[in-house]
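[1] curious how this folds, go ahead:
(chains A and B)
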2 protein chains.
Amino acid sequence: MADQVRLGIIGIGNQGSTYARRFMKDNWVPELRLTAIADINPARIAWAKENVSSEITYFDDAISMLDSGLIDACVVSIPHYDHPRYVMECLRRGIHVMCEKPAGVYTNQVREMNMEAAKYSDVIFAMMFNQRTNCVYRKMRELIQSGKYGRIRRANWLITNWYRSQYYYDSGDWRATWAGEGGGVLLNQCPHQLDLWQWILGMPKKVQSFMHYGQWHNIEVEDDVTTFMEYEDGHTGVFITSTGDPHGSNRFEVQMDGAQLVCENDQLKLYELEQLEQDWTKGNKIPFATVPGTEIIVETDGLNPQHEGVFAAFAGAILRGEPLIAGGEEGINGLTLSNAMHLSAFLGKPVEIPFDEDLYERELRKRIATSRRKEASGTVFADTAGTY
Amino acid sequence: MADQVRLGIIGIGNQGSTYARRFMKDNWVPELRLTAIADINPARIAWAKENVSSEITYFDDAISMLDSGLIDACVVSIPHYDHPRYVMECLRRGIHVMCEKPAGVYTNQVREMNMEAAKYSDVIFAMMFNQRTNCVYRKMRELIQSGKYGRIRRANWLITNWYRSQYYYDSGDWRATWAGEGGGVLLNQCPHQLDLWQWILGMPKKVQSFMHYGQWHNIEVEDDVTTFMEYEDGHTGVFITSTGDPHGSNRFEVQMDGAQLVCENDQLKLYELEQLEQDWTKGNKIPFATVPGTEIIVETDGLNPQHEGVFAAFAGAILRGEPLIAGGEEGINGLTLSNAMHLSAFLGKPVEIPFDEDLYERELRKRIATSRRKEASGTVFADTAGTY
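    Numbers count the residues shown, from 1 in each chain, chains lettered A, B, ... in the order given. Have a look, this model is predicted:
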């Protein structure tokens, strides 16, 4: 294998353009060399020839690029609905693939993608979960999963610093529509946090979600979500998010038998108890006593390589079999949380995981059918494919 | 009227004893003079003669004290179930009364108390909501209710720094039983926060509560509560509490159209936007822009007189018609939240406020009937009366 992987990008919208420029201008991830870009929008291609490079090859459709022999690996950076379709097109051609978040819009399509991926296990399939590279989240996971602090007792993530203006929503006719994105804050802003939730805390067995659709904006999808979760062992969690809080918070707290962890303002605080509560309480004979402990600011390695780190690991996996930051098959987990939350809100009742994925797809399709993105109402998937 | 009010205390358990010693030893609230104490437990009377004063009058039952002519005002500091009964005994005798929190255990009994209080409007009736005297909560209320920052968009109170050990629960057979307290963390630890919630934010129209009973302790009542609330205008709130978090939090955040307020560690932070979001967004033409603003630590008057302040205002109301910190009739509000939360958890569904108070009383009585406080199972109310 060569010491560089030839990379293509499908879709140069906001995210794809950012990648393309970084790959060309900064010698960003040395083991990946951008050689081709596909987008069906001529204006984006013209922009890229000017702003990215005139020396790489451009395609007006993705399949031609995949069949060109010019790329070994590909980034799928297109609207959510089509992530699984193009990931599968890559896999079937032996082209290693990096999928943008979310893995898809509904778990059925992602499950199909994962089944296909299982057939091509020699092809590297990765998810762009760049927040997993953040030192504070890596450290939280390490501390929690070490077992040193016993069981989890409670988790709360208040992630409301996603304020979006009406102008943002008006800037694309696909934005914040059932037909264009398949949801609101959960599909567009929160896939990273939903992935981190399951990566750090594991999957709950039940969720009950309360959503408001277009509460703070003129949009048809959810912009305000509160979810209560229960785990198999009875502990609970709350996940709150919104794009309507004009100055929100990002505060993630985890209570354990032997510690409290609070991640806020890029800092991780640990209150470490001298004993696990269940051990300490057996010997305690003072009515109002509490478990002694001390608070520290947790030292981390300080590294937070984000997209660069995810791409570097992707190249390492292709070239040397090194581990990925996030395997492609893991994308379904956060989406399972997301879909379960939507289904719970649609039905107005708690939803157990695993949930009825066909029911979810039917409920989603009902909403797509009456989506205000009218041009998409008949041919949703073809239409969203038509934007890159 | 004299320049001192003669005060009696019914019940010298933990709280009553603390009051009694402060009134005697520190010239604590100059306008209140402790002249009598009633408790049916001879051991407590003996303790008080030794530790409080040998010069005041002791009674082995409350009614004799109320009929003695020795007191003008009275503190009702007895188990929750009997608060309404003894408040009414005071009111009917023209004795001004300060009721400990909670006002009672179920709203029906508190409603009866309030109806009785309405008949004796010349008698001062106050609730010991001492947390209302805390400068940070007073300031929060003032800022929110000023209208300067528009509507409330979201409120979250994570109040989990109530850790209680098993030894605490084992220290009284009435503790954390349906028969003895009528609930757990909501009835014993949270009445202040539930009062502050409604005092600062107003009453929601609907609650859905998720409770675990004896999850972290060997008790029969709730020690873990998550409640989702909805207000008439569609905004939401979450209230989370527990006595099982070995090192919990007290973080109260309120999002508004024009500000974010966060109260934590006895400090109030205000992020003040330059405009209300709904005004700013009309003129914004930048997709990812957010409303500009600045964060400040709010200056307060720094005063937090707690019980002393509540008693001083009580004396002022009696002597000079000055305002109370909390009128007795307001006790029903926080208890309404508490009962609605319990009813929602009992039924496993959302509960609208006002709720069916008779249904709640029936549900509570079912639990009292099988309460592990067995000696109380037949005559709950008489029995709890028998502890002071």
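
[2] how about the helices in chain A?
    Here chain A has its helices, by DSSP state H, at A:14-25, A:42-51, A:62-66, A:83-92, A:107-119, A:135-145, A:166-170, A:185-188, A:191-201, A:277-283, A:306-320, A:331-347, A:357-369, A:380-385.

[3] go through those and name the closest to B:Ala340.
    Closest to B:Ala340 of the helices of chain A, according to CB to CB: helix A:331-347, at 21.3 Å. C-betas here are computed from N, CA, C, even on glycine.

[4] flag every residue of the stretch 51-200 of chain A that's near chain B.
    A:Arg153, A:Arg154, A:Asn156, A:Leu158, A:Thr160, A:Tyr163, A:Arg164, A:Ser165, A:Gln166, A:Tyr167, A:Tyr168, A:Ser171 (CB under 8 Å from any CB of the partner chain).

[5] the nearest residue to A:His342 once chain neighbours are set aside - how many residues pack around it?
    Excluding the flanking residues, the one nearest A:His342 by CB to CB, 6 or more residues apart in numbering or on different chains is A:Gly183, at 6.2 Å. Using other CB atoms under 10 Å in any protein chain shown, A:Gly183 has 27 neighbouring residues.

[6] report the separation between A:Gly183 and A:Leu347.
    15 Å (CB to CB, to the nearest Å).

[7] same question, A:Ile63
    Distance from A:Ile63 to A:Leu347, by CB to CB: 39 Å.

[8] redo the helices of chain A as TSV? Include mean pLDDT, mean neighbour count and distance to B:Tyr137.
    Listed next are those as TSV, based on pLDDT from 0 to 100; neighbours: other CB atoms under 10 Å in any protein chain shown; distance: least, CB to CB, whole Å:
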stretch	mean pLDDT	mean neighbour count	distance to B:Tyr137
helix A:14-25	93	18	44
helix A:42-51	96	14	54
helix A:62-66	98	20	58
helix A:83-92	98	23	48
helix A:107-119	98	18	45
helix A:135-145	98	19	31
helix A:166-170	96	18	34
helix A:185-188	98	25	31
helix A:191-201	98	22	31
helix A:277-283	98	17	29
helix A:306-320	98	19	40
helix A:331-347	98	24	33
helix A:357-369	98	15	42
helix A:380-385	33	18	50
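
[9] okay, those in TSV with distance to A:Lys269 next?
    Listed next are these as TSV, based on distance: least, CB to CB, whole Å:
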stretch	distance to A:Lys269
helix A:14-25	32
helix A:42-51	43
helix A:62-66	46
helix A:83-92	36
helix A:107-119	35
helix A:135-145	10
helix A:166-170	32
helix A:185-188	26
helix A:191-201	16
helix A:277-283	18
helix A:306-320	23
helix A:331-347	25
helix A:357-369	37
helix A:380-385	42
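
[10] and the closest residue to A:Phe23 other than its chain neighbours, what is it in contact with?
    Residue nearest to A:Phe23 in three dimensions, not counting chain neighbours: A:Leu34, with 4.0 Å by CB to CB, 6+ apart. Counting by CB atoms under 8 Å, 6 or more residues apart in numbering or on different chains, A:Leu34 makes contact with A:Leu7, A:Gly8, A:Ile9, A:Ala20, A:Phe23, A:Met24, A:Val52, A:Ser53, A:Ile56.

[11] now, among these, which is nearest to B:Gln208?
    Taking these together and measuring to B:Gln208 by CB to CB, the closest member is A:Ile9, at 45.1 Å.

[12] assess the claim that A:Gln131 and A:Met140 are in contact.
    No - contact criterion CB atoms under 8 Å: A:Gln131 and A:Met140 do not qualify, at 11.5 Å.

[13] separation between the residue nearest to A:Phe23 and A:Met128?
    Taking CB to CB, one finds A:Leu34 at 16 Å from A:Met128.

[14] and for A:Thr57?
    Taking CB to CB, one finds A:Thr57 at 23 Å from A:Met128.

[15] neighbour count winner among those two?
    Neighbour totals were compared for A:Thr57 and A:Met128, and A:Met128 leads with 27 against 15 (other CB under 10 Å).
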